[in-house]
Structure formats: C-alpha cells, structure tokens
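Undergrad: For reference, the sequence and a predicted model appear below.
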Amino acid sequence: VLKVAVAGCQGRMGQALIYALKEAQITLAAGSVRKASAKGQDIGKLLNLPALFVNAVTDLSEVIDDFDVLIDFTTPSATLLHLALCRQHQKKMVIGTTGLNQQQQALVQSASQDIALVFSPNMSIGVNVCLGLLQKTAKVLGESDIEIIEAHHRQKQDAPSGTALKMAECIKSAATTAKVGFSSLRVGDTPGEHTVLFACQGERVEISHRAFDRQIFAKGAILAAKWLTDKAPGFYTMQEVIGL
Ligand SMILES: NC(=O)c1ccc[n+]([C@@H]2O[C@H](COP(=O)([O-])OP(=O)(O)OC[C@H]3O[C@@H](n4cnc5c(N)ncnc54)[C@H](OP(=O)(O)O)[C@@H]3O)[C@@H](O)[C@H]2O)c1
C-alpha cells in the first residue's frame, strides 16, 4: 500500500492534494501544517471535510515512520527542511514547490543521490506535452522573437512562474542562441495560464496551456508518487513520469 504524506495541508495545493488522494482512494498517511494552532487536529476536519483520522503535525519528523513518500507543495525554505529530513530517513519525495534559487535546486539534485524524487514546476500532463512541443518548435523557430506570457492568481509569490522558466529552459535546450522574454500577470484567481509566442516575419506560432482547476497538478503529483514506488535513488521529471 502506498503511504503518502502531504506537507502544508492547509495550502491551496495541500487541500487539492488531500481531495485528490481521496478521489484516488489512497489513504493519507501523515500531513503537516505550519500553524501551531492547527497542530494535533484531524486534517479532514481542519479542511471542513469528514474526519481522516490523521492528526496534523508541525514537524514531519514526528511521523517519519508513517509514510514512504512525501508530496511537497509549500515554500522553498520549508521544502529544503523536508528534503533534509527525507534524505536522512530514506523517504521518497514529489516536489512541486517553485521559486527555488540555483543553490536550493543544487541541494535537491544532491539529495537525489540518496533518494528517488520527482521535481517539477508543473505536474499537469498538458503542460508537459507543451514542453515537448516547445522543443520541436524551437529547433526550427529558435531565431524568432520568443516571448512567454503567463498569468497566475494574485497570491503567487514567484515571477516568472517556475513553469515559464522551465519552458525557457526547454526552448534553449533545442536552440542554444534563442532569446526568451517573459511577461507575468498576477491577477484574480487563475490557477495558471502560459502562452509562448514565436513571432516571425509574416506569421506567429503560439503554444498555449490554460489550467482551469488546480486538481490537475494534484492528480499529476499523485501519479508521480505512485510511479516512484519502484524507483532507485535519482532525480526524475514529470516528463519521465508520463513517458514523454
Ligand atoms: N508543480 C506544480 O504543478 C505546481 C502547481 C501549483 C502550485 N505550485 C507551487 O506550489 C507551491 C505552493 O502553492 P500554493 O498555491 O498551494 O501556495 P499556498 O496556498 O501559499 O500554500 C503553501 C502552504 O505551505 C505551508 N507551509 C509553509 N511552510 C511550511 C512548513 N514548514 N510546514 C508545513 N507547511 C508549511 C503554508 O502554511 P501557512 O498557510 O500557514 O503559511 C501554506 O499552507 C508554490 O511554490 C507554487 O508555485 C506548483
């Protein structure tokens, strides 16, 4: 049986994950919150759901023996604390947190020598299909004017989004001299929209993805957690999880 823990259960993605686990009939094995006032409370009740009979902890080390894989969509600093803990105790991780700087990303890479982890700024299947399309397009249109326009809800902390940065990385992997511009909108409640423009003389290619519901990210993360079950230590991406 897959024993999954969720970090940051009260966050937007934490809540989406708890819901998606229930839909997938996977039992939540453990969960953390940041606020001390929520500590010890049933996670289901905290989220106005039926009881899940799992009490929230503020420190995952208290429940380290209860889970095999941690799904973490929190903040860079919290993710790094969880990473050290999971590395120490040989627990797998699915990391969706964005906004990690280069040094923090290097720590994730280094931990993957000891544990299997999936690290991806976007766990949706559609966005990962787009990443493949971007590589193909950039091979031919790498010298065109390339702009990534993205929109997210007003609370989003990082800009450009992790997905936009990943899109640029894919374009540059196919066309090393490509120059990529970014525009970020932080408006309303949109879970995430990305459009990549390849503007040429007389024509323009646009590759767009729109997320209408953050459940797509939660479902992708759960797919990644299942996929990790038989994986040796290593750094894996969502593209590998979905076999692209
Ligand atoms: N990879 C993907 O597919 C994908 C999709 C969507 C979002 N994201 C990323 O996922 C991250 C979270 O997004 P969100 O919209 O869910 O943000 P959010 O609503 O702010 O949720 C973050 C949660 O983490 C909690 N937290 C912070 N430090 C913690 C700690 N030490 N222990 C336990 N919980 C802690 C916060 O608690 P408090 O509320 O008490 O502060 C908050 O509930 C962001 O980096 C976002 O960009 C990734």
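TA: Perfect, I can see it now.
Undergrad: distance of the residue in the chain that the ligand sits nearest to from Thr237?
TA: Distances between the chain and the ligand by Cβ to the nearest ligand atom are smallest at Gly11, namely 2.2 Å. Yep, even glycine has a C-beta here, placed from its N, CA and C like the rest. Going from Gly11 to Thr237 by Cβ to Cβ, to the nearest Å gives 23 Å.
Undergrad: and if you look at Phe67?
TA: Distance from Phe67 to Thr237, by Cβ to Cβ: 22 Å.
Undergrad: okay, the two: which has more neighbours?
TA: Counted by other Cβ atoms under 10 Å, Phe67 and Thr237 do not tie: Phe67 has more neighbours, with 22 against 16.
Undergrad: Ala29 is in contact with that one, correct?
TA: Yes. Counting by Cβ atoms under 8 Å, Phe67 does reach Ala29; the two are 4.3 Å apart.
Undergrad: Overlap in contacts, the two.
TA: With contacts defined as Cβ atoms under 8 Å, 6 or more residues apart in numbering, the residues shared by Phe67 and Ala29 are 3-5.
Undergrad: Output these in JSON lines, with neighbour count appended to each entry.
TA: Formatted as JSON lines, the shared contacts of Phe67 and Ala29 follow (neighbours: other Cβ atoms under 10 Å):
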{"residue": "Lys3", "neighbour count": "16"}
{"residue": "Val4", "neighbour count": "25"}
{"residue": "Ala5", "neighbour count": "27"}
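Undergrad: what comes into contact with stretch 37-51?
TA: Contacts of stretch 37-51 from elsewhere in the structure, counted by Cβ under 8 Å, 6+ apart, are 9-10, 15, 18-19, 22, 28, 31, 33, 52-58.
Undergrad: among these, which ones are buried?
TA: Among those, those classed as buried by 16 or more other Cβ atoms under 10 Å are 9-10, 15, 18, 28, 31, 33, 52, 54-57.
Undergrad: Can I get the residues you listed in CSV including pLDDT and secondary structure?
TA: CSV is the format used below for the buried ones among the contacts of stretch 37-51 (pLDDT from 0 to 100; DSSP: H, G, I helix; E, B strand; the rest coil):
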residue, pLDDT, secondary structure
Cys9, 98, coil
Gln10, 98, coil
Gln15, 98, helix
Ile18, 98, helix
Leu28, 97, strand
Gly31, 98, strand
Val33, 98, coil
Leu52, 97, coil
Val54, 98, coil
Asn55, 98, strand
Ala56, 98, coil
Val57, 98, strand
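Undergrad: Point to the residue nearest the middle of this structure.
TA: In the chain, the residue lying closest to the centroid (Cα atoms, centre = their mean) is Gly96, at 2.1 Å.
Undergrad: ok now do it, which residues does it touch?
TA: Contacts of Gly96 were listed using Cβ under 8 Å, 6+ apart, and they are 13, 71-73, 120-121, 123, 217, 221.
Undergrad: Which ones among the shared contacts of Phe67 and Ala29 map onto strands?
TA: Here DSSP state E is the test, and the shared contacts of Phe67 and Ala29 give 4-5 as lying in strands.
Undergrad: now, which of the shared contacts of Phe67 and Ala29 lie close to the ligand?
TA: Counting by Cβ under 6 Å from any ligand atom, nothing from the shared contacts of Phe67 and Ala29 sits close to the ligand.
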